[in-house]
Every structure is written in structure tokens, then in C-alpha cells.
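Enquirer: Please work out how this folds:
(2 chains)
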2 protein chains.
Amino acid sequence: MKIFKRTFDSTALTLLWILFGNFTITNAQKDTKDKPNFIIIFADDLGYGDLSSYGHPTIHTPNLDRMAFEGQKWTNFYVGASVCTPSRAALLTGRLPVRSGMASNKHRVLFPDSKNGLPSSEITIAEQLKKAGYNTACIGKWHLGHKEQYLPTNNGFDYYFGIPYSNDMDYVGKDIPGYKKLVQQNPENLKTENYNVPLLRNLEIVERPANQNTITKRYAEETISFIKQNKNQPFFVYMAHSLPHIPLFASKEFMGKSERGLYGDVVEEIDHGVGKILKALEDEELAENTIVMFTSDNGPWLPFETHGGSAGLLRAGKGTTWEGGMREPAIFWGPGLVKPGLITDLGSTMDLFATFSSMAGIQVPKDRIMDSFDLSETLRGHNPSPRKSILYYRGTELYAARLGDYKAHFITEGAYGQFGERTEHQTPLLFNLNHDASEQYNIAGDNEEIIRKIREMVQNHQSKLVRGKDQLAERE
Amino acid sequence: MKIFKRTFDSTALTLLWILFGNFTITNAQKDTKDKPNFIIIFADDLGYGDLSSYGHPTIHTPNLDRMAFEGQKWTNFYVGASVCTPSRAALLTGRLPVRSGMASNKHRVLFPDSKNGLPSSEITIAEQLKKAGYNTACIGKWHLGHKEQYLPTNNGFDYYFGIPYSNDMDYVGKDIPGYKKLVQQNPENLKTENYNVPLLRNLEIVERPANQNTITKRYAEETISFIKQNKNQPFFVYMAHSLPHIPLFASKEFMGKSERGLYGDVVEEIDHGVGKILKALEDEELAENTIVMFTSDNGPWLPFETHGGSAGLLRAGKGTTWEGGMREPAIFWGPGLVKPGLITDLGSTMDLFATFSSMAGIQVPKDRIMDSFDLSETLRGHNPSPRKSILYYRGTELYAARLGDYKAHFITEGAYGQFGERTEHQTPLLFNLNHDASEQYNIAGDNEEIIRKIREMVQNHQSKLVRGKDQLAERE
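Expert: Below is the predicted model of the structure:
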């Protein structure tokens, strides 16, 4: 009767993976398609604690949990910034936003009246994979410049369907002073028409305001349709959900479904789309040669209370350089390509650039400093992650740095009116993040040598840093 | 190649479980043994967030995660009190400790000089299962009275191996003023000899001080040996680990192994023992007819910093009536008996009494008020949990009550010098725990009707409450 039950034996799985996993890769690579497909599913403002498999009690995410179980569940995986625009720039370029100019102290993200966007001198992961013959699509939120030259199809993507900036912009509601008050006064007033956000296909506006109730579902459908159209050649999809960033919207099918309320409805609809994408890959017999990677752009937007997510055990959220702002759930799924396991090594969204380049058989650019480590041998289960450090920037300022288990905060500051004022620390706060993920117990007093090493690493980084011109400052 | 990978399809699993799961039960019950075996594995001071499957980033618990994946992972499961003695009394009697007298405002737990213990008028789950012909063992920490008449073998257990009270009692260290300072000054001073705790086999002291470095391993060995000796008749094991309660100890094999430090070493050794127990059940062909249940007695003891655990996203910890004090990881594993799934329904350690009684085919006592709901049909996947409410007592006072999704705090108070002074709330604080598990957003203002219903439930409970004589107050 064993076959009818949900069972696993990790020792046997590991052994069988060693025996057959690599063989599968080799075989697949000698197939008609010798390069794996890549799909990045990027949530917006989803916290470390918002999936069942990362500890949420009432958000049901069976498809993402399936990915975590069948693939690798990373628990020390970071984004390049704690807010939207720079975080996306980091992922797409494999570089710290301070290098590309996509970080600013004046305006932290791009707005509908921003003048600029991602500089054309930057190489996106899509431009990079096109060198290896990939067909590329960006489905979802862009937020790296809404003018024509900055849009996805002018930055390495063959196809684009989505909104150019955040879903809370272009607010046109009349009687309502703001989202928070709106929701508290009457949740039913939460109307997609209040946000005059355009929906684009390639360079054309096809809907305005975008119907945000159906947008999550449509992103999944567009992704599946791109997969089916491109099944005979290597492809890359960057699927960047515009939710669960506020304002929260779900389709009729999901509205009121989650025990977690509207925020849960949204996350469960995203999860449902993940399930449909996995099924499409299996139906098209692409699952064995595709890596699906899931993460989020930054931590939960906590001031929005139950309309914001949860960082789980991590401290603070979006906008801060505490762990809750920059550590995210991160799942790599790829039967035959990714060895299942719980990975506590360090990783970053910036590493996707070098990792996918390596798996596609192309070199990373040599003409610039990259912040991207090749994780492919960790995904295959052969080596620990080559990444040993994390730099926590807020705008263009380095607030904190992690080296191995230890994180030093040189500056701490809350965000959006929570978690306290800016404080510069003569002696940095020091935490052992593997022992104390919640950053509660400062151990700076006993660890001068560790602080010295972190300072040395930071100085080394800063001595070579060439800061890009601030692209977020200018408004029209 | 599918068979070589870690994959699952929950829809297919559910369908197959419906088709064959019940059939398996029926078949097993017609077997030589018609009653399932029960094993409760009870950790001490382990928090909601301390397992990988409940979101911990660096504690590796593959065996408990396996149980959660193959069985039911409950996320709204409670203990009967937020400290040791009353929580254990609640589990063993299926009754609120305030009824049995195992709750007190003067002394919150029993001590080596306490005069009393669990009253003989109480019926333990072991006494209950003996009525159905079970062989019973208590392996581990007791803490319900250390005098002969109170020990396990005089309370329904055929066999006992363990320590009679907490592992931090009988302190005989000389130069060291206290555990916390000790650990901060020199972790290597953490010696098992400093705690003159006796180790008993049945009624005899077989070792004093108990060697706590090897105790976790020995509990697993004793459990396995009891399983093997009793494989031809129904058995019940209450395995109550004395760790990760401070002082923390691990065997040589586990010391220094965990990325989470010593606390992680201890939890990973407990998890390792779980794996050995599951293997023994499989080796003896008992897995199909045994339920293994894992939980902990109360939340993490947070003042001990990294020597205490994590409540994950839940507020506060041990000693409080916030969720972090009383909500615990809870996993039911039983291939063929338990339908796999994530269960967000309410449950309590007090429910194990009625649940196991029902599965063993015996009635719960009718001569007393029980606080125990039969969860067996929820375990089988047939019905939602019959439990709809939770009462949060601190000592003999009711501080809070949960009805459905909503929890009202009538009194809030921190513990062990953290989380604030005692405060009585004229209008209770009200939280929707499914939307707001972290108890951050008081919604009392908008929900008078919900508060009225909770008050009504509490009044109904209190009108029938007969308080047992305080068994913890008297010292010698």
C-alpha cells in the first residue's frame, strides 16, 4: 500500500539523485534543447513568513510548498534592496543598485512622473540570455522606467505584458484620503478603478486602468501561453507579480477564500497560478529541463496591518535593512536539475544572473563589477554556495553587512513611521544570524575581531565602488 | 525517471487516500491487533517557530518535517497552560489544570520541595488506555509530583524512565550565580553535574545526577526498546523530553553540529531520535497501525536569549497567554490512519485524551467535566475539528479566550521580566488570529457582538467550573 501514501525517504532520494540526477541532466542536455529554461516568479512585498512552508499558519500555498519540497528551499536568501525599484534593478542586472544608479536617497522608487529609468549601459539578465539564444518574456510589473526606451522590450525582453510601475500609483479616487483609511472605513470601497495604472502589451497600452482583480490570473495565463509558444527553444520568463503590494485585489474565484483574509486571497491566487505553470511545464514535457525560481522583491509592508504580509521570525519589514526587509522565501524547483534540500547557505537575487548564465553556457560580462555569484553547483547539490557576504544598502548608503553568520549594523533606521529613527552606531550592532535570526541579541562587545573583518570587507567593497548617476531623482 | 525524484501530487494523494486509506484502516483493524498504538513525543519549551517545517531558517528537523509532510501539520494547536506542570497535567488528564488543582497563582510549577502532585482522583490518559488493554510507558520528564504516589507507575504507566521534575532543578553548582550569567561568562562551564536531578526507572533512582548529555539519546533508545517489547499488543508511549528546557545539553555526536548553536544541537538530537523511532516502527511493521504525535509543553523561554527557542511569528513566549506562550507545532503522523494535510482547525493537547480513547474504542469518563474533544474524524480527513474555542489560563485566572478566529484578552501580562506588567482590560483586546497571528491589530472597537459572544462563552464555562484544591502551593 506504500505507493498510495505521501511518503519520502531523504537518504534514498539523495542516493537516487546522485545515481540518476546527473544522468538526467546530461541526457536532457544532449536532447534537441541543450539549455534549460528559466522562470523567475517574483512576488511584490511578500514577507519571509507568508508561505505555509515558511511557517504561515493560515495562508495555504500547496503549489509553492510542493516546489519547496521537491526542490531547494533557501532560508538565507536576500534581495538587493528593501524597496521595489532598486530590488528589481539588482535582480535584473546582477549588480548592486548603487552601481547602476537605480538607488537614490531622495526618491526611493520610480514614480509615474519620474524622468529616467534603467540606464541602457546596464545589461539585463534577459539581454544576457538572448546571447545564448533564449526567447525572453517579462510578464508583470516592471518599475524600471515607464518611458519607451526603459520598457522591457527595449531591455532584452522579446515580449512584455504588465504594468510599468506599482499598482498603487496613478491614484484617482475622489472621496478617499488614502488606502489605509479607505480600507478601515469600508473595505468594499477598494476599487481597481481608483488606480489609473496602464496595462501594456509590449509598448502599447491595452487597458487603462488595468483591471487588477483579474491581473494575477492573466499573468499566469500569459506565462503559460509564452511557455507553450516557446517550447521548442530555450526560454526565460521573468514573471513579476504586481501583488500582494497594496492595494490588494483578487479575482472572484479567490476573493473571500483564504482564512488569512484578503491578503491571503491574493497570495493563494498567486500560488494557484504557480500550480498551473508547473502543470503546463509537465504537460509540455518541459519540467525536466526548466528551473522555476520563486522569491519576492522585499519584505512585508507592515504599516498596512493585515493588508501587509508577515516577516515571520525576522525583524521589521519593507524599507529597512533589518532581516525582515531583505530576506525572502526563495525556492528553486527543477526536477532533474535541482537536488532537493533545505539550503541555509547565502544567496541573493543578484546571483540569478551568473547562475542562469552559467547554466546557459555563457560568460558573465567582464567589463564591469558584478555582484553575482554562480549558484549552479549548489543547485546541483555539488558545492556549498560561493556567496559568503551580503551588503545591505538603503538608498545609496550602506547600512549593514553580513559576513558568514555575522551581520553588523553601522546604521539602523525604521521605515514608514515604524521601528525608530536613524541611528549611527560607532560600534556597530552585531548579530549571529544563524543563532539569532530575529536580531535580538547584540554580541558586538565580545567580537571585535569579527567586526574588524566585516569592516575590512566593507572598505574593500567601497574602495572599488563607482557610483552610478542617480536615476530616480529627476521628476517631470 | 519520475520515481527517482521527490514529487507529490496532493490531489492524487487525496483521491488515493479516499479510495484506499479507509480500506487500510479497516484492514489493519481487522488484523491481529485491532487498536492503534499511540506515541506522544512532547518537547519542553520548544517554540512554534523552531522546526524547519514551521519556518526556522537554521534548525534542521528532517524527521519531524517528514512527519509533517506525510501526516497532518496543525497550525492552530494549543497547550493547556504556558508553563510546565499545568501543561503536562492538561495533556495527561484532558482537563484544564484549574479543575485538577494543578494550577496555582503562588507557585507556577512543582519544585523538588513541593509536597503534592497530581491528585489520585484524576484519570490520566495512561489509566484510560489501560482500560482498553494498552501497555503504557512514560519516558522522560514527569513534573506532576516526585513522591512515590505521584510518579508515573502509580498513575497508569506500566513503565517509567526519566526525571521527576525540570532539568534545571537541584542546582548544586558553586561558583556560578545563575544559568544565564554562567553561559555568557563561559559556555564550557555548562556541566550536567551542576544539576543534581535524579534519573528514575520505575520508582528507583538509577542515576544522580542524571547525565543530561546522553539523556535525549537514552529516551529514544528506551522508547524503541519499549516498542519492540510490546509490538504484539496495543501500546501507548508518552515520551516527554526534558529538553530543550535550559540548561541545554547534547551528546557528543550532536554538540556543535547545528548552525543554530547549542539550542539547535538539542533540537536536532530530538529530531534524530524521532527518525529512529519512525524507523523502528517501520522495521517492526507497526507504522501502519501507530499514530505518532509531536508537540511541546509551552512556548520558548525567551529571557535565555539564544538558549531559548523562537515562537516564529507569534507574540511573546513561555509564561504568557499571548500566542507565543501557548500555541505549538503539532504534527500527527500515522500512514493509513492520518490523512495528510495542513490543518488550520483548532486543537489542544487536552484533546489527545478523547481522541485516543475514541480510536481505542473506549468512552471518556462521564463523572467529571472534560475539556477534551475527539479529533479522530479530523485525523481521518472526514470532518473539521469539533473544537471551536480555547481558554487561556495563567495559574487559576482566565486571561484570554478564543472563539473561532477571534481571541479576546481580558488580562495581559508579560513573564520573566519581559512583555510588560499585568493589565486588566475593561474592554478586552480583540484579535482575529487567522488574519493576525502576531496579535498586532486590536479590533475590539468594531466588534462588540464578537466580544459579547466570547464573554458569554466564558461566563458559561465559569458558571460550571469547580476549582480543584491548589496542589502546587504547599512546600516542605
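Enquirer: alpha carbons only for contacts and neighbour counts from here, please
Expert: Will do.
Enquirer: Give the buried residues for stretch A:298-313.
Expert: Applying a neighbour-count criterion of 16 or more other C-alpha atoms under 10 Å in any protein chain shown, one finds A:298-304, A:306-313 buried in stretch A:298-313.
Enquirer: now, among those residues, which is nearest to B:Phe226?
Expert: Nearest to B:Phe226 among the buried residues of stretch A:298-313: A:Leu313, at 37.8 Å, using C-alpha to C-alpha.
Enquirer: For chain B, see how far away that closest one is.
Expert: 4 Å (C-alpha to the nearest C-alpha, to the nearest Å).
Enquirer: Look up which helix or strand the closest residue to that residue other than its chain neighbours falls in, please.
Expert: Nearest residue to A:Leu313 in three dimensions, chain neighbours excluded: B:Gly312, at 4.3 Å (C-alpha to C-alpha, 6 or more residues apart in numbering or on different chains). Under the criterion DSSP states H and E, no helix or strand holds B:Gly312.
Enquirer: in which helix or strand would I find A:Pro428?
Expert: strand A:423-432.
Enquirer: Output whatever helix or strand comes next after that strand as CSV - backbone C-alpha positions only.
Expert: Sequence-wise, the next helix or strand downstream of strand A:423-432 (DSSP H and E) is helix A:448-464. The C-alpha trace of helix A:448-464 is given here as CSV (Å, rounded to 0.1, in the frame of the first residue of the first chain):
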residue,chain,number,x,y,z
GLU,A,448,35.9,42.8,18.0
GLU,A,449,37.8,40.6,15.5
ILE,A,450,34.6,39.7,13.6
ILE,A,451,33.7,43.4,13.4
ARG,A,452,37.2,44.2,12.1
LYS,A,453,36.8,41.6,9.4
ILE,A,454,33.4,42.9,8.4
ARG,A,455,34.8,46.5,8.3
GLU,A,456,37.6,45.3,6.1
MET,A,457,35.2,43.6,3.7
VAL,A,458,33.2,46.8,3.5
GLN,A,459,36.2,49.0,3.0
ASN,A,460,37.4,46.7,0.2
HIS,A,461,34.0,47.0,-1.4
GLN,A,462,33.8,50.7,-1.1
SER,A,463,37.3,51.3,-2.3
LYS,A,464,36.3,49.9,-5.7
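Enquirer: now helix A:448-464 against strand A:423-432, angle please.
Expert: 120 degrees (axes from the mean of the first three to the mean of the last three C-alpha atoms, to 10 degrees).
Enquirer: Average pLDDT for helix A:448-464, rounded please.
Expert: Average pLDDT, helix A:448-464: 98.
Enquirer: cool, and stretch A:317-329?
Expert: 98.
Enquirer: what's the strand holding A:Pro428 packed up against?
Expert: strand A:406-412 (3 or more C-alpha pairs under 8 Å, 6 or more residues apart in numbering or on different chains; DSSP states H and E).
Enquirer: could you check the angle helix A:448-464 makes with the strand it packs on?
Expert: Using the same axes, to 10 degrees: strand A:406-412 against helix A:448-464 is 60 degrees.
Enquirer: and strand A:406-412, what other elements does it pack with?
Expert: strand A:397-403, strand A:423-432, helix A:448-464.
Enquirer: what's the strand holding A:Pro428 in contact with?
Expert: Strand A:423-432 is touched from outside by A:405-413, A:439-444, A:451, with contacts defined as C-alpha atoms under 8 Å, 6 or more residues apart in numbering or on different chains.
Enquirer: which intervals of the stretch 351-476 of chain A have sub-threshold pLDDT?
Expert: Scanning the stretch 351-476 of chain A for pLDDT under 70 picks out no residues.
Enquirer: Which single residue of it ends up nearest chain B?
Expert: Proximity of the stretch 351-476 of chain A to chain B (C-alpha to the nearest C-alpha) peaks at A:His435, 4.4 Å away.
Enquirer: ok, and which of the helices and strands packed on strand A:406-412 has the densest surroundings?
Expert: Highest mean neighbour count of these: strand A:397-403, a mean of 20 (counted as mean count of other C-alpha atoms under 10 Å in any protein chain shown).
Enquirer: quick check, it touching chain B?
Expert: No - judged by C-alpha under 8 Å from any C-alpha of the partner chain, strand A:397-403 stays clear of chain B, getting no closer than 14.7 Å.
Enquirer: So what are the sheet partners of that strand and their directions?
Expert: strand A:389-394 (antiparallel), strand A:406-412 (antiparallel) (DSSP bridges).
Enquirer: Grab the nearest non-local neighbour of A:Pro329.
Expert: Distance criterion C-alpha to C-alpha, 6+ apart; nearest residue to A:Pro329, sequence neighbours excluded, is A:Tyr48 at 5.1 Å.
Enquirer: Surely that neighbour is in contact with A:Gly299?
Expert: Yes - if you go by C-alpha atoms under 8 Å, A:Tyr48 and A:Gly299 touch, sitting 6.8 Å apart.
Enquirer: Overlap in contacts, the two.
Expert: With C-alpha under 8 Å, 6+ apart, A:Tyr48 and A:Gly299 have common neighbours A:310-311, A:324, A:327-328.
Enquirer: one step back: relative to B:Glu269, which of the helices and strands packed on strand A:406-412 is closest?
Expert: Once those are compared by C-alpha to C-alpha, strand A:423-432 is nearest, at 21.7 Å.
Enquirer: could I have the closest one exported to CSV, CA atoms only?
Expert: What follows is strand A:423-432, C-alpha atoms only, in CSV (Å, rounded to 0.1, in the frame of the first residue of the first chain):
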residue,chain,number,x,y,z
THR,A,423,20.9,55.9,14.4
GLU,A,424,24.6,55.7,13.5
HIS,A,425,26.5,53.2,15.6
GLN,A,426,30.1,54.0,16.4
THR,A,427,30.4,50.3,17.4
PRO,A,428,28.1,48.5,15.1
LEU,A,429,25.4,46.3,16.4
LEU,A,430,26.5,42.7,15.7
PHE,A,431,24.2,39.7,15.4
ASN,A,432,24.9,36.0,14.7
